[in-house]
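[1] starting from these lines, generate the structure:
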Amino acid sequence: MTLHPRLHQITERIRKRSADSRRAYLAGIDAAHREGPNRTRLSCGNLAHAFAASGTTDKGRLRADITPNLGIINAYNDMLSAHQPFEHYPEIVRQVARELGATAQVAGGVPAMCDGVTQGRPGMELSLFSRDNIAQATAISLSHDMFDAALYLGVCDKIVPGLLIGALAFGHLPAMFVPAGPMTPGIANKKKAEVRERYAAGEATREELLEVEAASYHAAGTCTFYGTANSNQVLLEAMGLQLPGTSFVNPGTPLRDALTRASTERALRITALGNDYRPIGHLIDERAIVNAMVALMATGGSTNHTIHWIAVARAAGVMLTWDDMDELSQIVPLLARVYPNGDADVNRFAAAGGTQFVFRELIDAGLMHGDIATVVAGGMRAFCDEPRLTDGKLDYTPGVAKSADEAVVRPVSDAFDPHGGLRLLRGNLGRSLMKISAVKSEYHRIEAPAVVLDDPRALNKLHAAGVLPQDFIAVVRYQGPRANGMPELHSLAPLLGLLQNQGRRVALVTDGRLSGASGKIPAAIHLTPEAARGGPIGKLREGDMIRLDAVAGTLEVLVDADEWNARSHAPNTAPAAQDLGRNLFAWSRNLVTPADQGALSISCGPPSPEGGWEYDAEYELGHDHAAAAAPHEDKDA
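    Residues are numbered from 1 along each chain as shown. The predicted structure follows:
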């Protein structure tokens, strides 16, 4: 199928924009590869330290330098339901490697915090920066130069982007991502949301709320709604970094274990010691990044990836922008309705056709690069096949040709919406993003007075006091990466959802984040520049009329220009957060780049020509202010 002309133009624009940085990145990883297999560079003392604790068989193989050694980067902990199954993965991987005459070692562990536990808590202020910490921990784990490929065990939120950034820093090594799968269905997500809203209204008890939450989050595995964690898995498959069809196989099943074994086998076959070398740095180019964004739009995935994948792309020397994402969203149809964009959970999505059906539809329509190299042979067409166990052995069969449930997945010819689930908003408040896939069309335009908050917890207090206007736009500022680490504001969703259900027109405008788990409320998020950088959001005052228009792609304050220009910037009035380790990340808050540059607090990708690394000041000082207020000009039209 011929590539869609607009997809080709966007991809080519990214390639040309990234030419210098991509060239520098590839030169670096190619130089690392030319130095030879890793263990041959170690002194005898270095090598002895590295295999001292290995068994006799493994020691012999590690001394010989003739068989591959896999490094395992594990995000296991007991607290994350999605990561708890990883406890036993390393032993499976080691056993498979031994059976094939190779070795595997746990190279290191990375932190994995849960946004579900820290929602609305001070600990959430460490969440975004944990991604960069994970990237650094991954690099530290691989720094021993003992490995010929790496397996990455991670699923959730910041963990997968952090692992990806770290893996790309060692781009000469092949990489295989190995998920754990979603928990089986619990209570319906819609029922959970209803009880949350009743609790916000004071109509449900804490015991009732806890009961429904426990029935929803009830076992090992990823949470079943289509938030950041499950979006991670779809994007990994869209870039060809894990075995086809591995995303949504439940933990503790024979198929899940078979896929883990097969992932290990495949990783051993794509090292530089064999004849099918597939280093991650060469697999992840502008086409793979575009594929990930196309999959995000087509499935209505998490808005968090509008930050994370800019960072991931930069780690590979690819310069992705919000404008690219917005234009992709205009040409990619919405093919899936998974909660919060619909009633189905990810298990039902997989049963209806899942990623295999969606990818085939996109490839056939010319809306996905089908010819990219992946961790398996056959390019992206291989990811249209479904894994099965036949007589106890793993094989693949073509995915369903027709959706098994058109309430959940549909073909391009009968899409839920002709456009993807994302919209870039521009105006005199800066640039922000809005996830529209779950927002009913009657709420795509909101014009209402501002209720200005620096502390998101204050909104519930104002509601309890009965002083909120009938219709309003909640402006929650000083929530950006520099202010406080850009915590999730999902805790606002139950109250705003309740008010919208009552017929009131409400919306959210913030320089903070709002999870992909939040859907039906119109929300302009990631507003850039943020208040802590002097962004226009800091000039908003109580009662200012704001117009949010997702159809036109604008976000504007309707204040006389002279008055607006004369206004001073309001200080942050939020009470200081409880520390809980926040002081350890003060340097990260000082260094972090704006949200539209990946909110990075670490150096990422190849160095600048001057030898250092810095964020693109054009975005903060020009693109976000004057240019944001101008109509978007399509230069490719």
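[2] got the contact list for the nearest residue to Leu320 once chain neighbours are set aside?
    Among residues not flanking Leu320 along the chain, Ala313 sits closest, at 4.0 Å (C-beta to C-beta, 6 or more residues apart in numbering). C-betas here are computed from N, CA, C, even on glycine. By C-beta atoms under 8 Å, 6 or more residues apart in numbering, the residues touching Ala313 are Glu286, Ile289, Met319, Leu320.
[3] count the residues that sit near the last one.
    This points to Leu320. Per other C-beta atoms under 10 Å, the neighbour tally for Leu320 reads 24.
[4] can you map out the helices along the stretch 251-400 of the chain?
    254-269, 280-283, 286-299, 305-315, 322-331, 346-352, 354-364 (DSSP state H, counting those that start in this stretch).
[5] export the shortest one as PDB, just CAs?
    Output of helix 280-283 as PDB, limited to C-alpha atoms (Å, rounded to 0.1, in the frame of the first residue of the first chain):
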ATOM      1  CA  ILE A 280      18.000  -0.600  19.000                       C
ATOM      2  CA  GLY A 281      19.700   2.600  17.900                       C
ATOM      3  CA  HIS A 282      19.200   1.700  14.200                       C
ATOM      4  CA  LEU A 283      15.700   0.300  14.700                       C
END
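[6] on contacts alone, who are the packing partners of it?
    Helices and strands touching helix 280-283, by 3 or more C-beta pairs under 8 Å, 6 or more residues apart in numbering; DSSP states H and E, are helix 19-34, helix 159-169.
[7] what about the stretch 1-150 of the chain, any weak spots by pLDDT?
    Scanning the stretch 1-150 of the chain for pLDDT under 70 picks out 1, 36-38, 65.
[8] tell me which stretches of it form helices.
    5-17, 19-34, 44-51, 56-64, 89-99, 115-118, 127-142.
[9] between the ones you listed, which one is nearest to Arg388?
    When the helices of the stretch 1-150 of the chain are compared by C-beta to C-beta, helix 89-99 sits nearest Arg388, at 19.6 Å.
[10] could you give the angle of that closest one to helix 254-269?
    50 degrees (axes from the mean of the first three to the mean of the last three C-alpha atoms, to 10 degrees).
[11] so what touches helix 89-99?
    In contact with helix 89-99 (C-beta under 8 Å, 6+ apart) are residues 57-58, 70, 72, 74, 76, 103-106, 151, 153, 178, 180, 257, 260-261, 264-265, 268.
[12] buried deepest among the helices of the stretch 1-150 of the chain, which one?
    helix 127-142 (a mean of 23; mean count of other C-beta atoms under 10 Å).
[13] what about the helices in the stretch 451-600 of the chain?
    Under DSSP H, counting those that start in this stretch, the stretch 451-600 of the chain gives helices at 458-464, 481-484, 493-501, 561-566, 586-591.
[14] which helices and strands does the third one pack with?
    Packed against helix 493-501, as judged by 3+ C-beta pairs under 8 Å, 6+ apart, are the following elements: helix 189-200, helix 458-464, strand 506-510.
[15] tell me the most buried of those?
    Using mean count of other C-beta under 10 Å, strand 506-510 ranks as the most buried of those, with a mean of 26.
[16] packing partners for that one?
    When contacts are defined as 3+ C-beta pairs under 8 Å, 6+ apart, strand 506-510 packs onto strand 445-453, strand 472-476, helix 493-501, strand 523-528, strand 545-549.
[17] pull out the buried residues from stretch 329-342.
    Neighbour counts using 16 or more other C-beta atoms under 10 Å place 329-342 of stretch 329-342 among the buried residues.
[18] ends of it, how far apart?
    End-to-end span of stretch 329-342 (C-alpha to C-alpha, to the nearest Å): 19 Å.
[19] now do stretch 279-286
    15 Å.
[20] with stretch 312-326 instead?
    By C-alpha to C-alpha, one end of stretch 312-326 lies 18 Å from the other end.
[21] next: stretch 537-556.
    Terminal residues of stretch 537-556 lie 10 Å apart, using C-alpha to C-alpha.
[22] list the buried residues of that stretch.
    537-540, 544, 546-550, 552-556.
[23] over to stretch 104-112?
    Ala104, Gln105, Val106, Ala107, Gly108, Gly109, Val110, Ala112.
[24] who's the first one bridged to?
    Okay, so that is Ala104. Leu70 (DSSP bridges).
[25] just name the most buried of the helices and strands packed on strand 506-510.
    strand 523-528 (a mean of 28).
[26] that one - contacts with which helices or strands?
    Packed next to strand 523-528, using 3+ C-beta pairs under 8 Å, 6+ apart, are strand 430-435, strand 506-510.
[27] roughly how far is the longest one from the heart of the chain?
    What that stands for is strand 430-435. 17 Å (C-alpha atoms, centre = their mean, to the nearest Å).
[28] among the helices and strands packed on helix 280-283, which comes closest to Met146?
    Here helix 19-34 is closest among the helices and strands packed on helix 280-283 (C-beta to C-beta), at 14.1 Å.
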